[in-house]
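J.: only geometry, no sequence info:
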């Protein structure tokens with residue numbers, strides 16, 4: 001959808017459309033490119049309380065059979081047809097008055113997360129640039145506390161506004177009330193209850209003290225190359241330049257979700273956090289195993305565990321473990337959602353057999369209509 005700027009308010013062409021509309025037999029976008037259709041979809045071009053309390057809308061949202069459809073970046077459609085869906089198309093955003101060093105935003109849930117990252121970075125605002133190239137919508141980001149390269153959406157969230165589908169009312173949650181943790185939130189903990197409408201974010205006009213962050217593999221090297229080629233000190237890198245750098249790093253590891261094959265859902269398993277005793281046992285067997293001390297134990301990269309199980313590049317039919325990054329499971333076209341999920345489960349089972357660790361699937365698996 002096209003957007004234009006009027007003052008500090010971003011206006012989208014959804015303003016020219018009805019507040020809500022119905023679509024029959026709509027394809028459900030998903031970055032895995034699995035076949036999926038919504039038999040009947042409610043599209044919300046407006047997320048005001050007036051629209052949400054319209055009886056036909058409120059009833060549709062209150063029905064437990066209605067599933068939320070967003071960008072499809074974190075979902076496996078194990079069944080191809082979903083009877084009832086709702087999608088937020090509203091994607092406006094605005095700047096709220098604040099001090100000179102802070103930029104407070106209010107962003108509607110239908111805006112693409114990557115589009116927001118690019119827009120804010122190009123404006124010279126710091127805070128979201130490490131999330132460049134992550135697919136999905138702004139509304140989906142707090143659900144699983146999206147994060148990459150040391151940044152989580154929770155760090156920049158001021159509040160989340162959501163429709164309580166059970167109580168039929170709008171609720172606004174301050175950041176602390178969202179119960180954010182690693183790839184988790186209160187909204188994910190209560191599936192089917194919340195439809196996220198808007199997210200309040202706080203960005204900065206000045207860089208953080210450790211700018212630019214380089215603690216992750218590939219990033220430090222990329223920053224050094226950038227500095228050498230540009231002839232500039234790394235501290236002068238702009239947010240948009242850092243976002244472009246992160247984009248190039250991610251594309252060496254992940255398929256481009258915007259076009260072509262293979263399809264993927266990005267990182268398919270959570271990085272497990274185990275006890276020190278378990279980590280020590282594994283290190284005794286694999287001395288080169290990467291491990292990171294975190295609150296609650298030791299985090300081990302799930303991709304490394306998959307490689308240790310001998311599965312990097314393993315393929316069955318149209319589904320494969322990526323040769324570029326073992327944490328990515330790819331769909332090369334022609335598989336059903338059920339076939340894809342069976343392959344992923346076989347990977348999980350093999351890792352458990354070899355390492356004793358049972359990986360947890362990160363994407364939502366939709367197996368019933």
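T.: Structure's in. What do you need? Only a predicted model underlies this, so the values are computations on that prediction, with no experimental measurement involved.
J.: so which residues of the stretch 101-250 of the chain form strands?
T.: Taking DSSP state E, counting those that start in this stretch as the test, the strands found in the stretch 101-250 of the chain are 102-108, 147-148, 151-152, 157-164, 169-174, 194-204.
J.: averaged pLDDT, the fifth one. What do you get?
T.: Model confidence over strand 169-174 averages 98 on the pLDDT scale.
J.: mind listing what's buried in that strand?
T.: Buried residues in strand 169-174, defined by neighbour count with 16 or more other Cβ atoms under 10 Å: 170, 173. (Glycine included, C-beta is placed from N, CA and C.)
J.: so what strands line up beside that strand?
T.: If you go by DSSP bridges, strand 169-174 pairs up with strand 157-164 (antiparallel).
J.: name the residues that touch the strand it pairs with?
T.: With Cβ atoms under 8 Å, 6 or more residues apart in numbering as the test, strand 157-164 has contacts from 47, 52, 61, 104, 142, 169-175, 178, 180, 187, 193-202.
J.: output the contacting helices and strands for the helix ranked longest in the chain.
T.: If you go by DSSP state H, the chain has its longest helix at helix 337-355. Packing partners of helix 337-355 (3 or more Cβ pairs under 8 Å, 6 or more residues apart in numbering; DSSP states H and E): strand 75-77, helix 302-308, strand 319-321, strand 328-331.
J.: need the contact partners of it.
T.: Outside helix 337-355, the residues that reach it (Cβ under 8 Å, 6+ apart) are 32, 34-36, 76-80, 268-269, 282, 305-306, 308-311, 314, 316-319, 321, 329, 331, 335, 357-359, 361, 365-367.
J.: same check on stretch 214-231?
T.: Applying Cβ under 8 Å, 6+ apart, the set of residues contacting stretch 214-231 is 149-150, 212-213, 233-234, 237, 241, 245-246, 248-249, 252-253.
J.: just give me the least confident of the residues you listed.
T.: Among the contacts of stretch 214-231, residue 253 has the lowest pLDDT, at 82.
J.: please tell me I have it right and residue 49 contacts residue 170.
T.: Yes - taking Cβ atoms under 8 Å as the definition, residue 49 is a contact partner of residue 170 at 5.4 Å.
J.: still on that earlier bit, quick one: closest of the strands of the stretch 101-250 of the chain to residue 69.
T.: Across the strands of the stretch 101-250 of the chain, residue 69 has its closest neighbour in strand 194-204 (11.1 Å, Cβ to Cβ).
J.: name the residues of that closest one that are buried.
T.: Buried residues in strand 194-204 (16+ other Cβ under 10 Å): 194-203.
J.: how near is residue 143 to residue 326?
T.: As judged by Cβ to Cβ, to the nearest Å, residue 143 and residue 326 stand 25 Å apart.
J.: quick one, which of the helices and strands packed on helix 337-355 is nearest to residue 137?
T.: strand 75-77 (12.0 Å).
J.: direction included, what does that closest one pair up with?
T.: strand 364-366 (parallel).
J.: what residues does the spatially closest residue to residue 139 that is not a sequence neighbour make contact with?
T.: Excluding the flanking residues, the one nearest residue 139 by Cβ to Cβ, 6 or more residues apart in numbering is residue 109, at 2.6 Å. When contacts are counted by Cβ under 8 Å, 6+ apart, residue 109 touches 47, 70, 88, 90, 137-140, 195-199.
J.: export those as CSV, with columns for distance to residue 345 and pLDDT.
T.: CSV is the format used below for the contacts of residue 109 (distance: Cβ to Cβ, whole Å; pLDDT from 0 to 100):
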residue, distance to residue 345, pLDDT
47, 36, 97
70, 24, 84
88, 31, 97
90, 36, 97
137, 27, 94
138, 31, 97
139, 29, 96
140, 24, 94
195, 30, 97
196, 29, 98
197, 34, 98
198, 36, 98
199, 33, 98
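J.: adding distance to residue 348, write those residues out as JSON lines.
T.: Below are the contacts of residue 109 laid out as JSON lines (distance: Cβ to Cβ, whole Å):
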{"residue": "47", "distance to residue 348": "37"}
{"residue": "70", "distance to residue 348": "25"}
{"residue": "88", "distance to residue 348": "32"}
{"residue": "90", "distance to residue 348": "37"}
{"residue": "137", "distance to residue 348": "27"}
{"residue": "138", "distance to residue 348": "30"}
{"residue": "139", "distance to residue 348": "28"}
{"residue": "140", "distance to residue 348": "23"}
{"residue": "195", "distance to residue 348": "30"}
{"residue": "196", "distance to residue 348": "29"}
{"residue": "197", "distance to residue 348": "34"}
{"residue": "198", "distance to residue 348": "36"}
{"residue": "199", "distance to residue 348": "32"}
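J.: no further queries at this time; thank you.
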